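> model the following, please.
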Amino acid sequence: MLKIIVLFCGVFLSFTLATQSHKVAVIGLWPLPSLLAFWSDAKLVYIPRTSYNVMQNSINEKYFPQYKEARIGNNENLEELLAMDVDIYICGFANLKICGGLKNAGVKVIELSTNIENHNSKKTLEHWLVELQPYFAIEAKNQKLIHSITQIEKLIEEKTKNIAKPKVLIIHRFDKDNITTGYFSHYLIQSSGGENPLGYGDFKSISVEEIYNLDPDVIYISNFTPLSPQEFMKKKEYKSLKAVKQNRVYKLPLATYRPFAPSLELGPVLLFLAKHNHLEAFKDLDMRKIFKDYFYEFYEIALEEKELDLILNPNAKTGIHY
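Now for the predicted structure:
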């Protein structure tokens with residue numbers, strides 16, 4: 001009888017935690033504010049400045065203007081964080097000092113990793129969602145979302161298994177002609193039917209000579225830089241690259257957050273990459289319809305044409321990450 005009572009109390013507590021709204025402070029984990037906004041009923045109290053910048057210049061602005069009520073900052077102060085009216089602090093394992101200080105203060109802290117299985121975007125996203133489940137009523141949605149991504153992975157793998165894989169480069173940042181790539185690039189390239197000639201690794205800078213040695217068939221530019229494909233292709237030092245000569249340089253779309261990092265729209269992003277990696281095999285994919293259907297299915301949002309334009313042609317200001 002006692003075991004039954006204890007079990008009931010545990011279930012009741014979990015249900016209560018997941019169904020009440022929580023005031024949240026996000027420390028360091030840039031994708032989390034947008035994820036929480038579209039996926040939960042969390043009230044954002046504190047968010048990183050770069051997260052605010054993305055939300056201000058994307059569809060977040062229309063659908064979740066509540067983010068404007070949050071305090072913003074990058075250089076967190078433990079005493080200031082503890083003085084806020086917050087139910088849950090969410091921080092990354094890398095923020096050792098702040099996370100440790102919060103835990104020592106006895107407040108509720110959720111620690112999340114940005115590196116699950118060598119920066120596997122799906123596994124990392126799944127880790128975040130599962131860790132948030134006890135506090136928000138999202139478990140059923142989580143399972144549906146991860147299943148959808150898995151099905152898209154399988155579809156791409158099946159359609160490209162007998163096709164030559166293009167060499168792909170994803171530019172993470174472009175600062176004064178200094179190009180960096182790495183981390184999530186490997187999963188994104190491989191899971192969309194491409195070959196990553198650099199292999200998996202940490203963020204690294206690549207010289208012009210190294211890029212010419214790779215001579216990628218396709219180049220993608222992330223939303224961590226304002227650089228556009230047109231600007232890149234106009235640069236004289238890159239004009240002889242195969243991807244440039246064939247006009248196969250693309251900007252990644254941006255829906256709720258920069259998709260170089262794990263985002264809720266990972267499935268549509270993989271389809272976007274597959275479409276441009278394999279022009280013939282995925283020529284019938286309509287990315288406007290895919291994003292429109294996705295938003296209605298997972299967020300119950302009916303996107304307008306101008307919002308689809310913004311997703312597929314992101315505001316350059318979202319590339320400002322400081």
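> all contacts plus neighbour counts: C-alpha atoms, from now on.
OK.
> I'd like the distance between the nearest residue to K292 once chain neighbours are set aside and S40.
Spatially, and ignoring its direct neighbours in sequence, K292 is nearest to L303 (5.9 Å; Cα to Cα, 6 or more residues apart in numbering). From L303 over to S40 the distance is 19 Å, taken as Cα to Cα, to the nearest Å.
> just to revisit the earlier point, list phi and psi for the residue nearest to K292.
phi -70, psi 140 (degrees, to the nearest 10).
> so who does it touch?
292, 295-296 (Cα atoms under 8 Å, 6 or more residues apart in numbering).
> of all these, which comes closest to L310?
Distances from L310 to these, taken as Cα to Cα, are shortest for K292 (12.3 Å).
> ok, A94 - contacts?
S113.
> any idea whether it is helix, strand or coil?
What DSSP: H, G, I helix; E, B strand; the rest coil gives for A94 is coil.
> care to break this structure down by domain?
2-112, 142-319 (automatic domain parsing).
> so which of the ones you listed gets nearest H119?
domain 142-319 (5.3 Å).
> one step back: and of the domains of the chain, who's closest to E131?
domain 2-112 (7.4 Å).
> starting at the chain centroid, how far to that closest one?
17 Å (Cα atoms, centre = their mean, to the nearest Å).
> need the helix or strand of the protein with the lowest average pLDDT.
helix 2-19 (a mean of 44; mean pLDDT, DSSP states H and E).
> what comes into contact with the helix or strand just after that helix?
Sequence-wise, the next helix or strand downstream of helix 2-19 (DSSP states H and E) is strand 23-27. Contact with strand 23-27 is made by 32-33, 42-48, 76, 85-92, 95, as judged by Cα under 8 Å, 6+ apart.
> what about P33, how many residues nearby?
29 (other Cα atoms under 10 Å).
> scratch that, Y63 is what I was asking about
12.
> okay, it and F282: tell me how far apart.
31 Å.
> please apply the same query to Y135.
39 Å.
> what does T181 give?
T181 is 26 Å from F282, by Cα to Cα.
> what bridges to I110?
With DSSP bridges as the criterion, I110 is bridged to I90.
> what segments of the stretch 201-322 of the chain are helices?
208-214, 229-234, 242-245, 266-277, 287-299, 305-312 (DSSP state H, counting those that start in this stretch).
> mind putting those in JSON lines, mean neighbour count and distance to N120 included?
As requested, the helices of the stretch 201-322 of the chain are arranged in JSON lines below (neighbours: other Cα atoms under 10 Å; distance: least, Cα to Cα, whole Å):
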{"stretch": "helix 208-214", "mean neighbour count": "13", "distance to N120": "23"}
{"stretch": "helix 229-234", "mean neighbour count": "15", "distance to N120": "26"}
{"stretch": "helix 242-245", "mean neighbour count": "18", "distance to N120": "26"}
{"stretch": "helix 266-277", "mean neighbour count": "23", "distance to N120": "11"}
{"stretch": "helix 287-299", "mean neighbour count": "15", "distance to N120": "22"}
{"stretch": "helix 305-312", "mean neighbour count": "16", "distance to N120": "23"}
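> among those, which is nearest S21?
helix 287-299 (18.0 Å).
> give me the mean pLDDT for the closest one.
The pLDDT scores in helix 287-299 average 98.
> counting contacts, what elements does that helix pack onto?
helix 266-277, helix 305-312 (3 or more Cα pairs under 8 Å, 6 or more residues apart in numbering; DSSP states H and E).
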